[in-house]
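Colleague: here are the coordinates; sequence isn't available:
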Ligand SMILES: [Zn+2]
């Protein structure tokens, strides 16, 4: 069972109380006009995702509580969440991740 903690409203709940939005910190192509973005850049943005063994940053929505989106660091090996942080907070350095830093 996944247990999440919303860093916005503070509720704690199971996976069913939240909605996963996939990989966090994706960067949109600079142009909003698809004609000015190459097919490769658009393909990468829309479809290519990391699938790491270990720590991974994900977006989650607090559907039972405040409805806000937030980010989480999850270990894909143990399925354990290591940190939760608001969307306006900087992503943790996963290469030097310390559970106490968030
Ligand atoms: Zn919330």
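Modeller: Structure received. Computed from a predicted structure; not experimentally measured.
Colleague: Quick one: classify residue 21 as helix, strand or coil.
Modeller: Residue 21 falls in the strand class when you classify it by DSSP: H, G, I helix; E, B strand; the rest coil.
Colleague: So what's the residue count around it?
Modeller: Neighbourhood size, residue 21 [other CB atoms under 10 Å]: 14. Glycine gets a C-beta too; all of them are placed from N, C-alpha and C.
Colleague: who's in contact with it?
Modeller: 58-61, 69 (CB atoms under 8 Å, 6 or more residues apart in numbering).
Colleague: Write out the residues of this structure neighbouring the ion.
Modeller: Along the chain, the residues adjacent to the ion under the rule CB under 5 Å from the ion are 6, 8-9, 62, 65-66.
Colleague: that older thread, I'd like the list of the contacts of residue 21 that fall within helices, please.
Modeller: Secondary structure defined by DSSP state H assigns none of those to helices.
Colleague: Neighbour-wise, which one of the residues you listed leads?
Modeller: Of the contacts of residue 21, with other CB under 10 Å as the count, residue 60 tops at 25 neighbours.
Colleague: Run through the bridge partners of that one.
Modeller: Taking DSSP bridges, one obtains residue 20, residue 70 as the residues bridged to residue 60.
Colleague: Name the surrounding residues that touch the worst-scoring helix or strand of the chain on mean pLDDT.
Modeller: The weakest-scoring helix or strand in the chain, judged by mean pLDDT, DSSP states H and E, is helix 39-47 (a mean of 92). If you take CB under 8 Å, 6+ apart as the criterion, helix 39-47 is touched by 26-29, 34.
Colleague: picking that back up, in JSON lines, list the contacts of residue 21 along with pLDDT and distance to residue 39.
Modeller: What follows is these, written out as JSON lines (pLDDT from 0 to 100; distance: CB to CB, whole Å):
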{"residue": "58", "pLDDT": "97", "distance to residue 39": "27"}
{"residue": "59", "pLDDT": "98", "distance to residue 39": "25"}
{"residue": "60", "pLDDT": "98", "distance to residue 39": "31"}
{"residue": "61", "pLDDT": "98", "distance to residue 39": "30"}
{"residue": "69", "pLDDT": "98", "distance to residue 39": "29"}
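Colleague: Out of the residues you listed, which is nearest to the ion?
Modeller: For the contacts of residue 21, the residue nearest the ion by CB to the ion is residue 61; the value is 8.6 Å.
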